[in-house]
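> sharing a sequence plus its predicted fold:
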Amino acid sequence: MTRKFRVAIDPELPIITDHPIRFFDSEEAIRRVGEGLLARTLPKAEWTHEAHLAACLWLLRDRPDIVPERDLPGIIRSYNEAVGGVNDDSQGYHETLTQLYIRGIKAFLSSTNDTGLIEAVNALLASDMAPRGWPLRFYSRERLFSVEARRGWVEPDLSAISV
């Protein structure tokens with residue numbers, strides 16, 4: 001199942017393009033992404049936007065031993081390095097985006113009751129929070145993609161975060 005939405009792929013490009021949502025077809029696929037992130041074995045090509053969201057939801061829901069606000073920054077940084085990526089002022093780990101999505105996905109989970117993992121993840125991917133442009137509801141591009149926002153949490157400059 002796919003759905004199209006319009007997103008800006010690159011913050012430096014003003015071009016808006018269509019991008020299909022890649023829904024998950026099994027709970028095993030979701031767990032594989034989450035476990036691959038933790039083990040730093042997930043192929044880099046599979047670390048998609050949807051995989052980021054699915055892994056965060058899985059961690060929040062099924063891994064009480066992990067505190068995402070505290071642990072996810074280190075997990076993502078070490079994963080990036082393990083697959084040949086760099087965490088610097090222009091690429092790799094982004095603190096404000098990570099913490100924003102953790103907040104959003106926590107709020108989303110509070111409304112899902114006792115749905116199964118695949119239903120919860122695919123509902124998240126179909127939600128208003130899933131498009132890559134969601135953070136731009138709260139942040140200007142300049143603020144969100146600043147070095148300050150990449151290195152640490154910054155408050156939004158467009159509107160209060162409502163999730």
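Done, it's in. These numbers come from a predicted model, not from an experiment.
> where does pLDDT dip in the chain?
Counting by pLDDT under 70, the ranges of the chain that qualify are 1-18.
> could you pull out the strands in it for me?
Assigned by DSSP state E, the chain shows strands spanning 4-8, 16-20.
> surely residue 24 and residue 122 touch.
Yes. Between residue 24 and residue 122 a contact is recorded at 6.2 Å, counting by Cβ atoms under 8 Å. C-beta here means a position set from N, CA and C on the backbone, and glycine is covered the same way.
> ok, residue 91 - contacts?
The contact partners of residue 91, by Cβ atoms under 8 Å, 6 or more residues apart in numbering, come to residue 85.
> do the same with residue 85
The contact partners of residue 85, taken as Cβ under 8 Å, 6+ apart, are 44, 91, 92.
> can you lay out those as JSON lines showing distance to residue 82?
Output for those, formatted as JSON lines (distance: Cβ to Cβ, whole Å):
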{"residue": "44", "distance to residue 82": "9"}
{"residue": "91", "distance to residue 82": "15"}
{"residue": "92", "distance to residue 82": "12"}
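> buried stuff in stretch 91-99?
For stretch 91-99, burial by neighbour count (16 or more other Cβ atoms under 10 Å) applies to 93, 94, 95, 96, 97, 98, 99.
> contacting residues for the nearest residue to the fourth one once chain neighbours are set aside?
It stands for residue 96. Leaving aside its sequence neighbours, residue 96 sits nearest to residue 149 (Cβ to Cβ, 6 or more residues apart in numbering; 4.0 Å). Contact analysis of residue 149 by Cβ under 8 Å, 6+ apart lists 94, 95, 96, 97, 139, 143.
> now with 10 Å?
94, 95, 96, 97, 100, 135, 139, 142, 143, 155, 156 (Cβ atoms under 10 Å, 6 or more residues apart in numbering).
> now it: how far from residue 115?
According to Cβ to Cβ, to the nearest Å, residue 149 and residue 115 sit 32 Å apart.
> on that earlier part again, how near is the residue nearest to residue 96 to residue 101?
Counting by Cβ to Cβ - residue 149 and residue 101 are separated by 13 Å.
> joint contacts of the two?
Contacts common to residue 149 and residue 101, judged by Cβ under 10 Å, 6+ apart, are 94, 135.
> export the buried residues of stretch 91-99 as JSON lines, with columns for distance to residue 108.
Shown next, in JSON lines, are the buried residues of stretch 91-99 (distance: Cβ to Cβ, whole Å):
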{"residue": "93", "distance to residue 108": "22"}
{"residue": "94", "distance to residue 108": "20"}
{"residue": "95", "distance to residue 108": "20"}
{"residue": "96", "distance to residue 108": "18"}
{"residue": "97", "distance to residue 108": "16"}
{"residue": "98", "distance to residue 108": "15"}
{"residue": "99", "distance to residue 108": "15"}
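> lovely, talk soon.
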